[in-house]
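Asks: What would the 3D arrangement of this be:
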Amino acid sequence: MALKLRKLSYALGAEVCGVDVAMPMSESTFGEIYQAFLGHGILLFRDQDITRSQHIEFSRRFGALDRHETLPRDRHPDHPELLMVTNEPKPDGSPSDTKYTGRQWHSDMSFTTGPSLGSLLKSYEVPEVGGDTLFANMYAAYDALSGGMKKLIADLHGIHLSGTRKLANETTGIVRAEEQKRINPPVAQPVVRVHPETGRKALYIGEKVKRFDGMSEEESQPLIDYLVRHATQPEFLYRHQWRKNDILAWDNRCVMHQALGDFDETQLRHMERTTILGTPSGYVAT
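Replies: Prediction:
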């Protein structure tokens, strides 16, 4: 039976209909799913009431999983393959360390020399309204650039930093910033990456990029700002409205995303993410 897909937006994304990811799946069926993943950039699986182990096992079909050693505070204590994304306060009443996770335009793990192939995020609890996630098609963003701009950025490398998100309080922020700088030194990534499977060029930029290698922040910022604004125009975007038990899989090699804080933070928003390891890219910047 052919895989049934429903497009999510003009820019990118498709819903995979009628598939329970916890059930046994043939190689041919998963092969169709993976080809859809490459073709659409984002796949949505609704109504996936599955266990953490089942989430991990399905994710492994896409490739080897990150154990999140670079984000030790955020991973699940019993399942290091799962990264916690929640606004639920800690037992002592202090805000979760992951309260502001993802609220910048970024690609997962771009601040490492092994940036992510893809991510699979499962929703457990969602607020009554809001808490959406925006996604940008970075193939389309690159293709829409002028020839002159493509030539200008062809050999540039952006310096990606970890730990640049807003933090729950100033003390936590200082501690985390020092910790992340020690674990994850700045990494230079090409501004234009060639997708290793499709061969297409995509912009690889975001708000974790603070300067270009060989240039100052002051010199770099106008072009960084332009490229991020360009890539996040409405015609390149999909906005996902979460439901409980959604699984959203996206290709970090050609898709950028941002979590929105457009919800009542007294309401629980709890999600857990697996991260698929990607091919080596970039270098540690001095």
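Asks: low-confidence ranges in the protein?
Replies: For the chain, the stretches with pLDDT under 70 are 1, 89-90, 93-100, 163-182.
Asks: For it, which residue occupies the most central location?
Replies: Asp108 (4.0 Å; C-alpha atoms, centre = their mean).
Asks: how would you label that residue: helix, strand or coil?
Replies: Per DSSP: H, G, I helix; E, B strand; the rest coil, the local secondary structure of Asp108 is coil.
Asks: Now for it: which residues touch it?
Replies: Going by C-beta atoms under 8 Å, 6 or more residues apart in numbering, Asp108 touches Pro115, Ser116, Ser119, Asn252, Arg273, Thr275. Yep, even glycine has a C-beta here, placed from its N, CA and C like the rest.
Asks: measure it to Gly102 for me?
Replies: According to C-beta to C-beta, to the nearest Å, Asp108 stands 9 Å off from Gly102.
Asks: what's near enough to touch Val126?
Replies: Applying C-beta under 8 Å, 6+ apart, we find Val126 in contact with Trp242, Arg243, Lys244, Arg269.
Asks: how about 6 Å then?
Replies: If you count contacts by C-beta atoms under 6 Å, 6 or more residues apart in numbering, Val126 has them with Trp242, Lys244, Arg269.
Asks: Quick check: which element contains the nearest residue to it once chain neighbours are set aside?
Replies: Leaving aside its sequence neighbours, Val126 sits nearest to Trp242 (C-beta to C-beta, 6 or more residues apart in numbering; 4.6 Å). For Trp242, there is no helix or strand it lies in under DSSP states H and E.
Asks: isn't Trp242 right up against Ser123?
Replies: Yes - between Trp242 and Ser123 there is a contact at 4.9 Å, judged by C-beta atoms under 6 Å.
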